[in-house]
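> Pasting the sequence and the predicted coordinates here, then a few questions.
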Amino acid sequence: MTYFPEQLMKAARSGTKDGLEKTKIAVMRKVSFLQRKDQLEEDDAGYLDVAVSEDKHPPPQLSPMPEGLTSHQVVRRHILGSIIQSERSYLESLRRILQEYHRPLMEADPRILSPRKIRPIFYRIREITQCHSMFQIALASRVAEWDSSEKIGDLFVASFSKSMVLDVYSDYVNNFTNAMALIKKACMSKPAFLEFLKKKQASSVDRITLYGLMVKPIQRFPQFILLLQDMLKNTPKGHVDRLPLQLALTELEMLAEKLNEQKRVADQIAETQQLARSVSDRLLSKQLNSEQGSLVLCETLIETVYGERGQVLKSKERKVFLFDDVLICANINVKGPPDISSLVPVGPKYTMKWSAPLQQVQVVEVGQEGSQGKDTLFQQSGVRKLHCKAILGPPRLYQELQELQHDLSVVEEVTLLVGTLQGMYQNLNTTVAQDWCLALQRLIRIKEEQIQSANKCRLRLQVPGRPDKSGRPVSFMVVLNTPNPLSKISWVNRLHLAKIALREENSPGWLYGEDEGKTMAPLWCPLLASHMPVFATKSPERKLEAALHNPVHCALLGFSAASTSLPQGYLWVAGGGEGSQGQIEIFSLNRPMPRAVKSLQVGAAVRCLEYVPEPSPSEEEDAGGHRAPSGIGANICVGSDDGRVLVYGSVDTAAQCLLTLHNPEGCPVLCLKHSARFLFAGLRNGTMMVYGRNDLWDPDSRRCVSLGSEPVRTLLVLDDSVWASCGNSVTVMDISSLTTQKFEVHPDPMVSVAHMARAGGGVWMAFSEGSSIRLFHTETLELLQEINISTRSTLLNTGQKSIRVTSLLICQGLLWVGTAQGLIITLPVPKLEGIPKITGKGMVSLNAHCGPVDFLVATTSTLSPELLKRDSVVDGPDSACGGEDRSDTSSQESLQQSGSYHSEGRGKGRGVLLQYKLRSTSGLPGRPLTALADEASDSSLESLEHSVEDGSIYELSDDPEMWVRGRPCERDGGRRDRVISAAVISGGKGFRRLKEGAAVGTRTSGEGLENILMVWQLPLTV
């Protein structure tokens, strides 16, 4: 029977459900160990019940490890062993559901449940078991020949890329919430069923519940993905299994994403229906039932009510629902009997507490209370107060911060007066007075950290209430504690984006196929946050050429500002026309909308930009002994029409020109890219210049690589090679040896490669002519997919048969395509290390440019890990909530307790004693206070530590445009709790709003219009 797995795999590759049905019938005829039941269950129509005999087909068994294996081969065998073991365990769990629960319930006499109720609970379990039984047979055959073939990726592709697998898993996932509700209902109405579940759990070896078994299919594909990622990491390039593994990873990622989305939608509908049943407002209840796909976020938060002096009066769990246009807070009622909730998750019932239109809800951070309208009344803890003057916990801290800042300004004046003293005094001189200033700055630093800690898990919302008797609007403040800082960030970000989504330009913002539209998650589409002109003076002849993101972390950017602003740093936009002067405009991104902060003039038109980050220590060591001094930070390389490459410092180092590189012929530089050791410049004459690294780039190390006679229009740096386009070919050059390999990517010699974008194991290419884009494998250089963009634009009835691609970008699972007509199209691609195949129909933006899309640039930044720490200075909730003022270890040398010092009872003689530590006065009694703290005290303030001369930055600044550079984020690359902010910015002539179903229009030249930037914001990935 050894022919079976090969037959099965060959037939399965046909890819249609009909093909699989024929396969199963053919397999049944030829294979004796497959049995068909005479009668199929009515809910299983169209599927065969397959029983696999383990005697004739034993489960996979890995043979003993042979000698002489490489380290990669040994690790791959171990991972294969994990795949075998996890699949065996999974199949065992599926069979337990059928044999220990489904069958006894169906055969019970007297009946515990009717078959009509049993079938929906176990819907599609049998078919999932069948899929994995077939996979295990094929896996056993592959494992048996492992030492000779070492190939498994294609088996996953053949087994899990077919429609049957998606169909049965989709049915199961969509039914899962309903199945759990049926079990809960049966437990409450049928005591015999509850007793049956208890006995089954008690008698099992692992004491796992029915819910624990039934949730395993939902977790299966993420487990497969982790195993295949490990296998791919340990599969060297050139290995026969490498491309199949990448393709398998892509297939499983697509499958897992679809199932996750279906599970999200099913859970969301169940939550919304449960809430709608509890809403007394019939209009709102009807709205909830009709818009079940509009739930953005819901979570259980803890509402806290404070007293007059900041003490916590009460706290209670609330369920908060964020819909696309309304925010609802509900009480959580009894969750059900404990004996039932231990067997199956019991959904709570809700009672609505309040609801508010989203546009009228404001997030109010500590210190922002003063910006609210003076005519608005606030209600807090049942007591009405004007202008929110209640002494809540965090506001008390903010008031203390203002007092410290006032004291610092006074002491600075005293310092100036001390400097006018005529006599010489040991402990009254300028040195001592300056030490007082530094000590106060340290106190301010500690207080700022306490405020941030108080904010990190506290969501403060200003919510509209009913007007008072005089008709004045009344608002009340709701304080909600989130489980962790990540939750707080998510709420602030989603509230911000949901408001942007309500704007006219985002209602709707994209046009997509019907299939995608049905399951589209709210806020999943990129949201147009703003559009604005670039270049201060209107110069129609100036053309946008390039843009880049210069990421710079702001240590002082507030918690909420970091989660609502664009990715931190600066946007450089370059332009120039034929024979004209070049110009670079620099925008700050530390606000929800970009703001111009600097302009640079360049002698010739700028063609390209490249951001070079500060070299890491490992890169410095790899640079062949040329170790960059620590003073050299990030730089920006600018390629111009006169053949120069100008190297500028980052904005936080004044954006000065540090170096100019020339090429011998003065040939225009069309593209720039860098690796750890080299800077590559593509020229119009078909050559590529390579500069080695020293402090910056070494002009004397210049090497010239001739690629052909056509211009080098685009470059792409991969792990150990650089791809350079020349005409209709691409040259792959090994970075270490500079050896080249050339391959043709388009059959027409008159067409040249214009754009390249890499993700995972593939590179997408666009061309100077035509509307097709092509995907090539990074290792075998094999053509894997070709897509015609024109077919996507038919959603908009463009009236044009061919659309030329003018820009290309991959960002967070979307391939962005800019066109000569000003349209922007996005296509879904996988995010993991697999092959970035296009996996859906895509979307067309209803916001477009009037002329060609000149560039698309991604801006991403990782929020500082310090923002994610729950309490970096203040321990325990009381100190943040306004209870007794507990001084932590980091401030013991800063705060001298005098008697019992409490915030609510400052009497005369109580206060903070400013002490100092100077050589001339070191004998004075008491605990010293100075800006220079010992190691133990500074450890918890590491993120806010600055040098003495940076003391002035501790003043709270209202303008985050020109802040001082903070400490760079180190070692956060491997953090699991990273929060990534992302936005995509396009540049082109003019802005226009398209209408659904209407023709795009004839004005696509963009002549005479100003250059416009469009900024799309993406949800934070948490």
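In hand now; what should we look at?

> Which secondary structure element is home to Gln219?
Take DSSP states H and E as the rule and Gln219 turns out to sit in helix 216-233.

> And for that helix, what's in contact with it?
76, 79-80, 82-83, 86, 90, 93-94, 125, 128, 152-153, 156, 160, 169, 172-173, 176, 241-242, 245-246, 248-249, 252-253, 255-256, 259, 263, 832-833 (C-beta atoms under 8 Å, 6 or more residues apart in numbering). (Glycine included, C-beta is placed from N, CA and C.)

> Just the mean pLDDT for the helix or strand just after that helix, thanks.
Tracing the chain past helix 216-233, the next element assigned as helix or strand by DSSP H and E is helix 242-278. Helix 242-278 shows a mean pLDDT of 87.

> tilt between helix 242-278 and helix 216-233?
With axes from the mean of the first three to the mean of the last three C-alpha atoms, to 10 degrees defining the directions, helix 242-278 sits at 150 degrees from helix 216-233.

> and helix 242-278, what other elements does it pack with?
Helix 242-278 makes packing contacts with helix 153-160, helix 163-189, helix 216-233, helix 282-290, strand 295-306, strand 312-323, strand 326-332, strand 350-357 when contacts are defined by 3 or more C-beta pairs under 8 Å, 6 or more residues apart in numbering; DSSP states H and E.

> residues contacting Phe173?
For the record, residue 173 is Val, not Phe. By C-beta under 8 Å, 6+ apart, the contact set of Val173 is Pro217, Ile218, Leu259, Gln262, Lys263, Ala266.

> any idea how far Ala330 is from the last one?
Just to be clear, that refers to Ala266. Distance, Ala266 to Ala330, using C-beta to C-beta, to the nearest Å: 20 Å.

> same question, the first one
Distance, Pro217 to Ala330, by C-beta to C-beta: 31 Å.

> before we move on, what about the fourth one?
Summarising the geometry, the distance separating Gln262 from Ala330, computed by C-beta to C-beta, is 25 Å.

> ok so, going back, okay, the contacts of Val173 in JSON lines with distance to Ser203 and neighbour count next?
Output for those, formatted as JSON lines (distance: C-beta to C-beta, whole Å; neighbours: other C-beta atoms under 10 Å):
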{"residue": "Pro217", "distance to Ser203": "23", "neighbour count": "23"}
{"residue": "Ile218", "distance to Ser203": "25", "neighbour count": "16"}
{"residue": "Leu259", "distance to Ser203": "32", "neighbour count": "21"}
{"residue": "Gln262", "distance to Ser203": "34", "neighbour count": "19"}
{"residue": "Lys263", "distance to Ser203": "30", "neighbour count": "17"}
{"residue": "Ala266", "distance to Ser203": "31", "neighbour count": "16"}
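
> Closest to Lys673 out of those?
Leu259 (38.0 Å; C-beta to C-beta).

> Quick check: which ranges of the stretch 801-950 of the chain have low pLDDT?
Applying pLDDT under 70 to the stretch 801-950 of the chain flags residues 801, 864-950.

> before we move on, the earlier item: the helix holding Gln219 - what's its average pLDDT?
The average of the pLDDT scores along helix 216-233 is 92.

> Report the buried residues of that helix.
216-218, 220-221, 223-225, 227-232 (16 or more other C-beta atoms under 10 Å).

> Run through the strands of the stretch 651-800 of the chain in chain order.
Under the criterion DSSP state E, counting those that start in this stretch, strands of the stretch 651-800 of the chain are mapped to 657-661, 669-674, 678-683, 687-693, 697-706, 715-717, 721-726, 729-734, 740-744, 753-759, 762-767, 772-777, 783-788.

> right, and the ones you listed - which one's nearest Gln568?
Closest among the strands of the stretch 651-800 of the chain, once you apply C-beta to C-beta, is strand 669-674, at 21.8 Å.

> The protein - how does it break down into domains?
1-32, 49-269, 278-502, 519-599+754-863+978-995+1008-1021 (the TED database).

> so which of those is the most packed in?
domain 519-599+754-863+978-995+1008-1021 (a mean of 20; mean count of other C-beta atoms under 10 Å).

> Where do the strands of the stretch 451-600 of the chain begin and end?
Using DSSP E, counting those that start in this stretch, the strands assigned to the stretch 451-600 of the chain run over residues 458-464, 474-481, 510-512, 527-533, 544-550, 570-575, 582-588, 595-602.

> What's the mean pLDDT across the last one?
In other words, strand 595-602. Mean predicted confidence for strand 595-602 is 87.

> Report all helices and strands that that strand contacts.
Partner elements for strand 595-602 (3+ C-beta pairs under 8 Å, 6+ apart): strand 582-588.
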